[in-house]
Every structure is written in structure tokens, then in C-alpha cells.
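**Q** let me see the structure of the following:
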Amino acid sequence: MDMPRRITIGEQSFLTLRERNYFYVDKTKFIRDWWLGGDPVTLITRPRRFGKTLMLDAVKTFFAPECAGRSDLFEGLEVWNDEQIRLLQGKIPVIFLSFARFTNNTYSSIISRIKTALVSTYGSFSTYIDMQAIPDPEKEIFMSVNSSMTDETAQDSLHYLCKFIAVQYGIKPIILLDEYDTPLQQAWLHGFWDEMTNFMRGFFNATFKDNPWIGRGLITGITRVAKESIFSDMNNLNVVGITSELYSDCFGFTEEEVFLAMDEYGLKEKNKVKEWYDGFIFGKQKEIYNPWSIVNYLSEKKFSTYWANTSSNAFVGELIANGDEIVKEETERLLHGKSIITKLDEQIIFHELYTKEGAIWSLLMAAGYVKPLCFNYETEMYEIVLTNLESKKILEKRISEWFGEARISKNNFVKALLYNNLEEMNDWINDITKKVFSFFDTTPSGSKEERPENFYHAFILGLIVDLKQYEIRSNSESGYGRYDVMLIPKNRLDHGIVIEFKTYRPKKEADLTVTCNNALKQIYEKEYIVQLKSKGVSVNNIYVYGFAFKGKYVQILGGKYTEIDWERILNKNASLS
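**A** Below you'll find the predicted structure:
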């Protein structure tokens, strides 16, 4: 039996994979199909780590003159079976630019990196271009492409490079642009969207539209950014999204390819691999597996969330974390193995992500985290679910990280509680609930009114449990009832604290302030502070707080027991009749 091929993780060089006989799944039929398709400019959107960069490198290696005569790299692959296409190997200049690593958080830093990449691209052709053949005015343009060039020069740079190459070689070059939308995602996340789209619109128009010197263009990315953002004038663009039939099996592994690979490496758990890494749908091709995860699984021979470390997850996390309560509730439903009904649109308008129905799920579908099960033509709504077990585990991990962030910052809340800083207490807890409220207490028990109180009771206990200078008690008797939470100081000179939780009752209470005062009223009337006084805590050192909850909104009132206007609370904030 032949030895299985060696596996390398993250290698994006087609030449290296072929020369060293590393594991490689033949997708070169794309080169043939794309070339014969004849589209002037093609945009292909697929999730991160789905072989887009490797595919573009294979295209470059096939056509670029510097790889002429390397039939050994393609023999035995599908592209080599077409005699017409075979004649083009090594015959067409290729300009290759990637924005994949441009994840900076300011406009100036991303533009600086784009300019550096453009300078490097010019440099890669400098030995092939005869400067003597370039007219003097255009020599100045060539020399102006440097790290200190203006944005306008950068926007026009590939336009002129195409002209220089076409004149030199007598053939118009192919332009390959990888992960075009990475700078746009960063711009949306970090607040420089208008600047970035203005630059990109000019860059795309000069490079791909108003450019008589370009032969063909091929662009890849995760999202199909709305046409009005950067593609408004490009009527020569063919967009191949994840619902398109074109090239549907060229990115990602088919089930047949995965199972053949598993046989090569002696791996048997095919059903489990299917559960973890299958589920992607491109066009009508339903059995598409995550190639990044499959290659890692073949190498490690164990199941894990290999895709979790890809750069798109921070973006996905930001979307859900900042989404409204409905988005969080829908995410919770998906995590419980259920489906949701929503509108979907492959054309992403970033500034509408939090306002347009289904916009967030459209982007998450493009990113590969959810998939459509079916489409209702009458309502124009999709039924969607999580793509596979790996997607589910990645989202679960992200949610646990939100709780982790809450735990890390809990010292701010505890400090505010101990120092009677009501403003800081209210700001902190409302910030936390806004981010993660709908994931709290996902399997509630008890009455509808008890559920928020039960959750917050446990949540606050979790925040204060590490206070070594206090004895923490919960649901214990004192005076004429049972308080919710009490902090009994081990040093009787420290503050003693009583907390009571109340859920807002719209039929009986005008607002959360009334609910808070009712909680304080209960502390007073039930004489909950008796236990603290019995421990030697002076009434001047006792602080009481009422916590009121209305959905994801929280209000906290209270303070030093002896300074609270009890007459007002007892007489003027009674429940509505």
C-alpha cells in the first residue's frame, strides 16, 4: 500500500504543495471553467479558510510566464486534461494582490499596508519591464508608486501597471485580488467606513472598470458588499455567491473527496466527521465540508474546533454581542438545535446590519455559520440552522467568553457595591445585560415572575462569592422574613449589606423606580437588618439595595440605611391600585 502524502497546515503555495507531494485535493477544473466562462471580472464569495487563496495561487502558477514550462505541476490534474487550456500555461502575466492580513483598526494603518503591497507588486515586475520603452511622463507615474504616495496614486497604480505590462508583453494581464473585503470589515468594526469605501470605490473603478489594459479580473472575499458601496459603477462584474450554481464544488471538499482522504490516512469515523464538518451548501451542492478543519483533522486525527482560530470569528462575535435582544434569542434557539425563520440577502449593506431584518443572519450565512434549510416563496423567508457541530461549538465558546469578560470586569461592580457608587453599579450591570442577557438562565424553572429574580440572585452571588472579608448568606431568615442576599462583615467596623431583588410588574408598578422602592420597602418592613445588628454591625454601617428588572434593563437604588428617606418610600411609592 502506498504511503499517505504528508500533510502541511496552512500552506498556500500551489507550487510547494505539488513539488513536495503534500496532501492536495484537485480543484484545478476551476481554472478551466473560469477561463472558458469569459467573464471580464468575477467576484467569488466563500467563507474564510475555504481554499480561496490557494486557488488564486494555482491560477497564478498556471498562467504566469515565470512558471512557463512547468507542466509537471499540472500533469494528472483536471486542468491538464483540456488541450485548449493547456496551451495557455505560462503565457499570461498575472498581478496577484492579497488583503487577507490587513486587519488593522485604523484607516491610515490599513492604507499604509495596501500601499506597501502595491509597491511590492510593482517591484515584482520591475525586472521584466523595460523602463526605456516607457514614455517619460509615464516613467514618473511608475516611480511615484512608493510608500509615501498619495491615496489617488495608490488607487490608480494597478491601472498603470496593467498598461506597462500589456505594452511590454503584448498581452493584457490577469489581476487576482484575494480577500478584498477584509479592510471593509475592519472599517465597519472600527468606525472608518466612509473613508475606506471611498478609497476602495476609486481603486476598484480604476483597476477593474475603467481599465482597457486588464485582461481578466478575479476577486475573492467572504461577503458580497452592496453594489452601492464600492461596485456601483461596475457593470462588468459577475458575482458568484454561495447560492450560485457556478463553481459550486470548487471551494471546500465534497463528501467523496473527504471520504477518499480518510481512506488514505486510515480514518474510519465518517459519520462523526460528517456531523462535525459537513453541512455547507453552495448552489445546489449540499455535501460540502470545511477544508481547513478536514485537513487539520487528517493531521491530528482528533475532533476539534479547528475553524475557531480563523480571523472571521472576532467579526462574528462582534455582530452577535452587539445585536439586539431578538438576535440573542435567535442565537440561543439555534444553539439549542432549533431553526429560525428570517429574510436573507447575499448583498451585504454594513450600515444596515443592526436595522435591516435578517441582515446579521445574511452575513453569518456568508461567513459559513448558518445554512438555509428551505425557502418559502410566498413569504420570501428562509428557515436556517447552524451549519454543523463545529459551528455550534464555536458560538458556544464565544458566548462563554462574554461571561468570562463579565467575570474579569466584576471587580468594578464589587468595588462600586462596597463604596456605595450607585451610578457605577447601574452602568456596569446594564452594560453586561445588554451584551449577554438573552443567554442567561436558558433553562428556567418556576413562575414567569420568579425567573429573572432567580437568575440575578445567582448572578450577583457569583460576583461577590470571592469576598473573603465577608460571610455571604442567601435566602436566610432575619426579622420577619427571608432576605435575598446579605454580606455580613467579619470586621464589624466594615459595611454590612442587604440586597433584595424584584421583577417589574407593569400592572402594579409605574416604572422600575417603583419596583426598586418596593424592594427597599420590603427590607425595611421585614426588618432584614436585624441579623446584621445582632452581629455587632452599627446601623450607621448598614447599606441596603433594591434591584429591579424589566427584560434586559436593570435599576439599582438604595444606599446607607440611616440616610434613606424611608417616609417617602413607605408612603409615596406604593403599587398602583
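
**Q** run a quick neighbour tally on the residue nearest to Phe413 when sequence neighbours are not counted.
**A** In this structure, Phe413 finds its nearest non-sequential neighbour in Trp428, 4.6 Å apart by CB to CB, 6 or more residues apart in numbering. The C-beta positions use only the backbone N, C-alpha and C, and glycine is treated the same way. Trp428: 23 surrounding residues under other CB atoms under 10 Å.

**Q** likewise for Phe282?
**A** When neighbours are counted by other CB under 10 Å, Phe282 comes out with 24.

**Q** give me the three-state assignment for Ile341.
**A** Classification of Ile341 by DSSP: H, G, I helix; E, B strand; the rest coil places it in strand.

**Q** so what's Phe208 up against?
**A** Counting by CB atoms under 8 Å, 6 or more residues apart in numbering, Phe208 makes contact with Val41, Ile175, Ile214, Gly217, Ile219, Met234, Asn236, Leu237.

**Q** where are the low-confidence patches of the chain?
**A** 1, 227-228, 309-315, 317-318, 321-325, 399-410, 435-453, 572-577 (pLDDT under 70).

**Q** roughly how far apart are Trp35 and Trp276?
**A** From Trp35 over to Trp276 the distance is 35 Å, taken as CB to CB, to the nearest Å.

**Q** the more surrounded of these two?
**A** Taking other CB under 10 Å, Trp35 and Trp276 do not tie; Trp276 has more neighbours (24 against 21).

**Q** if you skip the residues just before and after it, what's nearest to Tyr49?
**A** No Tyr there; residue 49 is Arg. Excluding the flanking residues, the one nearest Arg49 by CB to CB, 6+ apart is Trp292, at 3.6 Å.

**Q** list the contacts for that neighbour?
**A** Residues in contact with Trp292, defined by CB under 8 Å, 6+ apart, are Arg49, Phe50, Tyr306, Trp307, Thr310.

**Q** of these - the most surrounded one?
**A** Phe50 (25 neighbours).

**Q** just confirm it is within a helix.
**A** No. Counting by three-state DSSP, Phe50 falls outside a helix, being coil.

**Q** wait, it sits on Phe253?
**A** No. Under the criterion of CB atoms under 8 Å, Phe50 makes no contact with Phe253, lying 9.5 Å away.

**Q** overlap of the contact sets of the two?
**A** Asn290, Pro291.

**Q** next one: the host helix or strand of Arg32 to chain centre, how far?
**A** If you go by DSSP states H and E, Arg32 is part of helix 29-37. Centre-to-centre, helix 29-37 and its host chain are 31 Å apart (CA atoms, centre = their mean, to the nearest Å).

**Q** quick check, central residue of the protein?
**A** In the chain, the centroid-proximal residue (CA atoms, centre = their mean) is Val316; its distance is 1.9 Å.

**Q** am I right that that one falls within a helix?
**A** Yes. Under the criterion used here (three-state DSSP), Val316 sits inside a helix.

**Q** how close does it sit to Val370?
**A** Taking CB to CB, one finds Val316 at 10 Å from Val370.

**Q** residues in contact with both of those two, list them for me.
**A** Common contact partners of Val316 and Val370 (CB under 8 Å, 6+ apart): Leu364.

**Q** and the closest residue to Met365 other than its chain neighbours, what element?
**A** Closest residue to Met365 apart from its sequence neighbours, by CB to CB, 6+ apart: Leu344 at 6.1 Å. Using DSSP H and E, Leu344 maps to neither a helix nor a strand.

**Q** what's the local residue count around Leu344?
**A** 21.

**Q** can you check the one 3 residues further on too?
**A** By the other CB under 10 Å criterion, the neighbourhood of Gln347 contains 16 residues.

**Q** wait, it touches Ala226, no?
**A** Yes. The pair Gln347 / Ala226 is scored as a contact, 5.1 Å apart, by CB under 8 Å.

**Q** quick one: the helices in the stretch 401-550 of the chain, in order.
**A** Ranges of helices in the stretch 401-550 of the chain, per DSSP state H, counting those that start in this stretch, are 410-418, 422-436, 450-464, 512-525, 530-534.

**Q** and the residue nearest to the centre of the chain, how far is that from Ser362?
**A** To Ser362, Val316 is 13 Å away according to CB to CB.

**Q** do Ile432 as well
**A** 28 Å.

**Q** what separates the closest residue in space to Met262 that isn't next to it in sequence from Pro291, distance-wise?
**A** Leaving aside its sequence neighbours, Met262 sits nearest to Lys270 (CB to CB, 6+ apart; 6.2 Å). Look at Lys270 and Pro291: by CB to CB, they are 16 Å apart.

**Q** correct me, but Ile174 touches Ala166?
**A** No. Using CB under 8 Å, Ile174 is not in contact with Ala166; the gap is 11.4 Å.

**Q** so which of those two has more stuff around it?
**A** Using other CB under 10 Å as the criterion, Ile174 and Ala166 rank with Ile174 on top: 21 against 17.

**Q** between Ile432 and Ser362, which is the more surrounded one?
**A** Legend: neighbour count by other CB under 10 Å for Ile432 and Ser362, higher for Ser362 (26 against 22).

**Q** what residues are up against that one?
**A** Going by CB under 8 Å, 6+ apart, Ser362 touches Lys343, Leu344, Asp345, Glu346, Ile348.

**Q** so the second one sits against Gly358, correct?
**A** Yes. The pair Leu344 and Gly358 passes the contact test of CB under 8 Å, sitting 5.5 Å apart.

**Q** overlap in contacts of the two?
**A** Tyr382.

**Q** re the thing from before, what touches both of Val316 and Ser362?
**A** Shared contacts of Val316 and Ser362, defined by CB under 8 Å, 6+ apart, are absent.

**Q** domain ranges for the chain?
**A** Domain segmentation of the chain under automatic domain parsing yields 14-240, 253-304, 309-399, 412-572.

**Q** can you lay out the ones you listed as CSV showing distance to Arg5?
**A** Putting those into CSV (distance: least, CB to CB, whole Å) gives the following:
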stretch, distance to Arg5
domain 14-240, 5
domain 253-304, 7
domain 309-399, 24
domain 412-572, 43
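
**Q** before we move on, the earlier item: what's near enough to touch the residue nearest to Met262?
**A** By CB under 8 Å, 6+ apart, the contact list for Lys270 reads Val258, Phe259, Met262.

**Q** over to Ala68?
**A** Here Ala68 is in contact with Gln89, Gly90, Lys91 (criterion: CB under 8 Å, 6+ apart).

**Q** just Ser157 next, same as before
**A** Ser157 neighbours (CB under 8 Å, 6+ apart): Leu118, Tyr122, Val145, Met149.

**Q** who wins on neighbours among these?
**A** Among the contacts of Ser157, the one with the most neighbours (other CB under 10 Å) is Leu118, at 22 neighbours.

**Q** any idea how far Met131 is from it?
**A** Separation of Leu118 from Met131 (CB to CB): 18 Å.

**Q** and if you look at Met262?
**A** From Met262 over to Met131 the distance is 54 Å, taken as CB to CB.

**Q** these two: which has the busier surroundings?
**A** Taking other CB under 10 Å, Met262 and Met131 do not tie; Met262 has more neighbours (17 against 11).

**Q** touching, that one and Val273? I think so.
**A** Yes. If you go by CB under 8 Å, Met262 and Val273 touch, sitting 6.8 Å apart.

**Q** distance between stretch 376-384 and the chain's centre?
**A** Relative to the chain's own centre, stretch 376-384 is displaced by 25 Å; criterion: CA atoms, centre = their mean.
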